[in-house]
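[1] Just to be clear, the model below is a prediction. Sequence and coordinates:
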Amino acid sequence: MKNHEFAMDALIDLDEEKGKLEKEIKRFLGMLKYPGFINKTPGTKVNAEKEKAASYTEKLEMTKTQLDNILKKLG
């Protein structure tokens, strides 16, 4: 496989991952904004969801950086 083909495959994979992460972050943030979830859910579960949202946000930023680097290489 040529470098260009590899870069395109990686770009597609990262773009799919980016979409999944964005969807999950949106879901987490939606749950955390909903007063019913906050009021009825044990604090440990709420904190776990906050931690997931933070972790996914960090992964999303790393994925965006990787995408940018590949796009620069493809020029």
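    Sure thing, it's come through. Please read these numbers as outputs of a predicted model, since none were measured by experiment.
[2] Stretch 19-34: which residues count as buried?
    Residues of stretch 19-34 classed as buried under the neighbour-count rule (16 or more other CB atoms under 10 Å) are 21, 24-25, 28, 31. In short, each C-beta sits where N, CA and C put it, glycine included.
[3] what's the helix or strand for residue 47?
    Secondary-structure assignment from DSSP states H and E places residue 47 in helix 43-74.
[4] How far off centre is that helix?
    Chain-centre distance of helix 43-74: 4 Å, with CA atoms, centre = their mean, to the nearest Å.
[5] same check, this time on stretch 18-33
    On the basis of CA atoms, centre = their mean, stretch 18-33 sits 8 Å off its chain's mean C-alpha point.
[6] what's the answer for stretch 13-23, then?
    Averaged C-alpha coordinates place stretch 13-23 at 6 Å from its chain's average position (CA atoms, centre = their mean).
[7] got it, and stretch 40-57?
    Shown here is stretch 40-57, whose average C-alpha point lies 15 Å from the average C-alpha point of the whole chain (CA atoms, centre = their mean).
[8] Pull out the CA atoms of that stretch and give them to me as PDB.
    These are the backbone C-alpha positions of stretch 40-57, laid out as PDB (Å, rounded to 0.1, in the frame of the first residue of the first chain):
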ATOM      1  CA  LYS A  40     -32.700  11.200  40.400                       C
ATOM      2  CA  THR A  41     -29.300   9.600  39.700                       C
ATOM      3  CA  PRO A  42     -26.800   8.700  42.400                       C
ATOM      4  CA  GLY A  43     -23.900  11.100  42.600                       C
ATOM      5  CA  THR A  44     -21.400   8.400  41.700                       C
ATOM      6  CA  LYS A  45     -23.200   7.700  38.400                       C
ATOM      7  CA  VAL A  46     -23.400  11.500  37.600                       C
ATOM      8  CA  ASN A  47     -19.600  11.800  38.300                       C
ATOM      9  CA  ALA A  48     -18.900   8.800  36.100                       C
ATOM     10  CA  GLU A  49     -20.800  10.400  33.200                       C
ATOM     11  CA  LYS A  50     -18.900  13.600  33.800                       C
ATOM     12  CA  GLU A  51     -15.600  11.700  33.700                       C
ATOM     13  CA  LYS A  52     -16.600   9.900  30.500                       C
ATOM     14  CA  ALA A  53     -17.500  13.300  28.900                       C
ATOM     15  CA  ALA A  54     -14.100  14.700  29.800                       C
ATOM     16  CA  SER A  55     -12.300  11.600  28.600                       C
ATOM     17  CA  TYR A  56     -14.200  11.600  25.300                       C
ATOM     18  CA  THR A  57     -13.500  15.300  24.800                       C
END
